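S.K.: Okay, sequence plus prediction incoming.
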Amino acid sequence: MPPNTDTVLYEKRDRVAWITLNRPEAMNALNPEISLGIKEGIDEATADDDVLVVVLIGNGGRAFCAGMDLKWRAQEDAAGGTDMSGDDVGPGTGLDAVGQCPKPGIAAIDGYALAGGMQLSNRCDMRIATRKSRFGMPEARRALAAVGVEDTPELFTTAGEAAWILLTGGHMTAERAYQNGLVQVLVEDRDELIQAAEDLAGEVKLCAPLAIRAIKETLRTKRNMPAPNPGQTELDKLSELTAEVKEVNNNSEDRLEGPLAFAEKRDPNWKNR
């Protein structure tokens, strides 16, 4: 079922699930309520076969997401709850859900994407940002070690850029993020942001859903792939780990429909089976 909270809004239109972080007074910062809402939204989109793409966006115009709610964290610390890994529902709950979603995710960023907010955008597959947007990983300035920091460096063209944003806590402009490949589409304002998200989702929807799922699973597996067995190449290991999801696509009706539609010079009719 959709999120049961006012801090996360869920809407489906044209086979796209729009998950909106709706805590603008706190710059959409992550606390247990909003994190659980994100997870519930992702779960709803995952279970709905009619949904082909997920878009995450923040309300308010100041921030996509400013990261963990430090006021909530301070209250937890004062109560003795200093072990964040022990929280049943914590700021990482929404991040994990987005990262594990089998459907393509687009982050539509208007404003700050900081700390866990930047990581939330990183867990999506593609990012669109307005020119005023800023990215940052300022955890070290608050004596915090970034959770899931391993999924940040790979999004930059050089290790130096990743080290800069992690070790200085500085803010990266949207233009710099675009030049580095972190952002795929750069727009002027929120109206253009929403239109660009709809356009990008439309491009994804042209592709066969099962093929997209296999590709996404392969990319995710490659990022987190365990060491190959003795005598096994990395490519062989990757093929082994993704064999099942690829087999589902290769044995599907859609796999036959793609070449047939091309030969008949018509648009394919994907059935997601």
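M.R.: Happy to help now that I have it.

S.K.: Mind listing what's buried along stretch 24-37?
M.R.: 26-37 (16 or more other CB atoms under 10 Å). Where C-beta positions appear, they are placed from N, C-alpha and C, glycine not excepted.

S.K.: Next SSE downstream of the helix or strand bottoming out on mean pLDDT in the chain?
M.R.: When the helices and strands of the chain are scored by mean pLDDT, DSSP states H and E, helix 70-78 comes last with a mean of 67. Next along the chain after helix 70-78, taking DSSP states H and E as the criterion, comes helix 92-100.

S.K.: For that following helix, C-alpha coordinates in PDB please.
M.R.: Output in PDB follows, covering the C-alpha atoms of helix 92-100 (Å, rounded to 0.1, in the frame of the first residue of the first chain):
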ATOM      1  CA  GLY A  92      19.200   4.300   6.100                       C
ATOM      2  CA  THR A  93      15.900   2.500   5.600                       C
ATOM      3  CA  GLY A  94      14.800   4.600   2.700                       C
ATOM      4  CA  LEU A  95      18.200   4.600   1.100                       C
ATOM      5  CA  ASP A  96      18.400   0.800   1.200                       C
ATOM      6  CA  ALA A  97      14.900   0.500  -0.400                       C
ATOM      7  CA  VAL A  98      15.800   2.800  -3.300                       C
ATOM      8  CA  GLY A  99      19.000   1.000  -3.900                       C
ATOM      9  CA  GLN A 100      17.300  -2.400  -4.000                       C
END
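
S.K.: Past it, which element shows up next along the chain?
M.R.: strand 105-109.

S.K.: That following strand pairs with which strands?
M.R.: According to DSSP bridges, strand 105-109 forms sheet pairs with strand 53-58 (parallel), strand 126-130 (parallel).

S.K.: And this protein, split by domain according to the record?
M.R.: If you go by automatic domain parsing, the domain ranges for the chain are 8-205, 209-263.

S.K.: want to try JSON lines for those, with distance to Asn269 as columns?
M.R.: Formatted as JSON lines, those follow (distance: least, CB to CB, whole Å):
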{"stretch": "domain 8-205", "distance to Asn269": "13"}
{"stretch": "domain 209-263", "distance to Asn269": "6"}
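
S.K.: Go through the ones you listed and find the least confident stretch.
M.R.: Here those differ in mean pLDDT, and the lowest is domain 209-263 at a mean of 81.

S.K.: For that one, measure first residue to last.
M.R.: 20 Å (CA to CA, to the nearest Å).

S.K.: how close does the residue positioned nearest the centre of the chain sit to Glu40?
M.R.: Geometric centre of the chain, nearest residue: Cys124, 1.7 Å, by CA atoms, centre = their mean. Going from Cys124 to Glu40 by CB to CB, to the nearest Å gives 17 Å.

S.K.: ok, now Asp50?
M.R.: 18 Å.

S.K.: Ok, Lys237 next?
M.R.: 34 Å.

S.K.: What are the buried residues along stretch 167-183?
M.R.: Those would be 169, 171-172, 174, 177-178, 180, 182-183, for stretch 167-183 by 16+ other CB under 10 Å.

S.K.: any idea which of those is closest to Leu241?
M.R.: Leu182 (26.5 Å; CB to CB).

S.K.: A strand includes the closest one, no?
M.R.: No. Counting by DSSP: H, G, I helix; E, B strand; the rest coil, Leu182 falls outside a strand, being coil.

S.K.: Identify the residues contacting Ser252.
M.R.: By CB atoms under 8 Å, 6 or more residues apart in numbering, Ser252 lies in contact with 208, 210, 273.
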